[in-house]
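Novice: my questions concern the predicted model and sequence given below.
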Amino acid sequence: EGYCDCAVKGRDTCVRTDDESKADQACTQAQAYAECGNGAHRGRNCKNKRIQQGEFAKVSVFWDDGMGLGARAEEGIDEGGFIGLYTGIMTRRRKGVRRNGHSYIMRFDETWNVDAAEGGSLMRFVNSSCKPNAKIVRWYSGRKWHLVYVATRRIESGEKIMVDYG
């Protein structure tokens, strides 16, 4: 797990401020899209362990006319908030497989895809938009990489979660 150097030059940059959206800007691990490990300066009080601690927004699936199933926020989500993980089975990259008319294949890197048709989370129902309110970021935690949906602006309760898959 990553080395945490939050206490740079005597400053404890892991301490969250009143402005949660700015907190990760101070943590060098978060800037590198990596969670702090167990040896973090603030230990159990380190706030850069959202994946390890399952700190994600409440999301539900709904029928979105014209789009099929979609995902929406069940609570307000601040900019920079973790919405959820895109999970599934890691497969070698190949042409997308459609099951029951749907494709839940997400490119992970040059070699691997994540197939969410099996073992996938609710995040597989996030639809595409040219005006997204979220993005997908590769984030390192627990000795492996994860695909994390992160809010790019404040998302209100009941609002659709959208990304630009283009």
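Specialist: Sure thing, it's come through. Residues are numbered from 1 along each chain as shown.
Novice: going by C-alpha atoms from here, please, whenever you check contacts or count neighbours.
Specialist: Will do.
Novice: spatially nearest residue to L85 (excluding sequence neighbours)?
Specialist: What sits nearest to L85 in space, not counting adjacent residues and going by C-alpha to C-alpha, 6 or more residues apart in numbering, is V148, at 4.6 Å.
Novice: pretty sure A116 contacts T91?
Specialist: No - using C-alpha atoms under 8 Å as the test, A116 is too far from T91 to be in contact (10.4 Å).
Novice: more neighbours: which of those two?
Specialist: Shown here are A116 and T91; by other C-alpha atoms under 10 Å, A116 has more neighbours (21 against 14).
Novice: could you find the closest non-adjacent residue to the more buried one?
Specialist: Closest to A116 by C-alpha to C-alpha, 6+ apart is G88, at 4.1 Å.
Novice: pLDDT at that neighbour, what is it?
Specialist: The model reports G88 with a pLDDT of 78.
Novice: ok, the nearest residue to R153 once chain neighbours are set aside to E118 distance?
Specialist: For R153, ignoring the flanking residues on the chain, the nearest one in space by C-alpha to C-alpha, 6+ apart is E79 at 4.2 Å. Distance, E79 to E118, by C-alpha to C-alpha, to the nearest Å: 30 Å.
Novice: and these two? Which one has more around it.
Specialist: Neighbour tally, E79 and E118, criterion other C-alpha under 10 Å: the higher count belongs to E79, 17 against 11.
Novice: how is that one assigned, secondary-structure-wise?
Specialist: At E79 the chain is in coil, as set by DSSP: H, G, I helix; E, B strand; the rest coil.
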